[in-house]
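Novice: Here you go, sequence then predicted model.
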Amino acid sequence: MVSSELNKEESPIDFVYLEYGENPSFDNFFTNSFIHFYMRANEFQDMDKDLRRTIAQNKCSNIRNTSKFIITQDKLDKNVFYSYVAFTLSENKLFIHMAYVKKNFRTFGFFKKSLDLLKVSANEYYYTLPLKLKRKWYLPEFERKVL
């Protein structure tokens, strides 16, 4: 579902809210990027590869079953994605579970714009990523919370 409020200015991309299962191409994009991210994360490199994959698949399944997504997609081809943020919103609390921006698009501000759109609906902000953020400026007003 595209929100006209999300796309006030004319651009070649749309910010869209999705639930897992609404767009099979996005589902594939999310799952592949999530598994790839976990398999390469430094925090898990001392684990056996099969164990890392099992943990990644379980976490991926949990996120897709409990989260919503704000995605950045091409206006002309709804199966071309540039970024996503997996989140839940509960009692004015925003929880960010995963965020991904394709490498060639990381300077366009898609992540920041997604966060700005999501923060309007909350007054407390948390991230649940199991990883240490190397650059706290990504989520400056967010507190880490393990769910």
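Specialist: Now that the structure is in, tell me what you want to look at. Numbers count the residues shown, from 1 in each chain.

Novice: residue nearest the centroid of the chain?
Specialist: Most central in the chain under C-alpha atoms, centre = their mean is Val85, positioned 2.2 Å from the mean C-alpha point.

Novice: ok, that residue to Phe95 distance?
Specialist: Remark: distance between Val85 and Phe95 (C-beta to C-beta, to the nearest Å) = 11 Å. From N, CA and C alone the C-beta is placed, and that goes for glycine too.

Novice: hmm, who's touching stretch 15-34?
Specialist: Identification of contacts with stretch 15-34 by C-beta atoms under 8 Å, 6 or more residues apart in numbering yields 1-3, 6-7, 56, 59-60, 63-65, 67-73, 78-79, 81, 84, 86, 98, 100, 113-114, 117.

Novice: before we move on, the earlier item: the residue nearest to the centre of the chain is in contact with Lys112, isn't it?
Specialist: No. The pair Val85 / Lys112 is not scored as a contact, 10.5 Å apart, by C-beta atoms under 8 Å.
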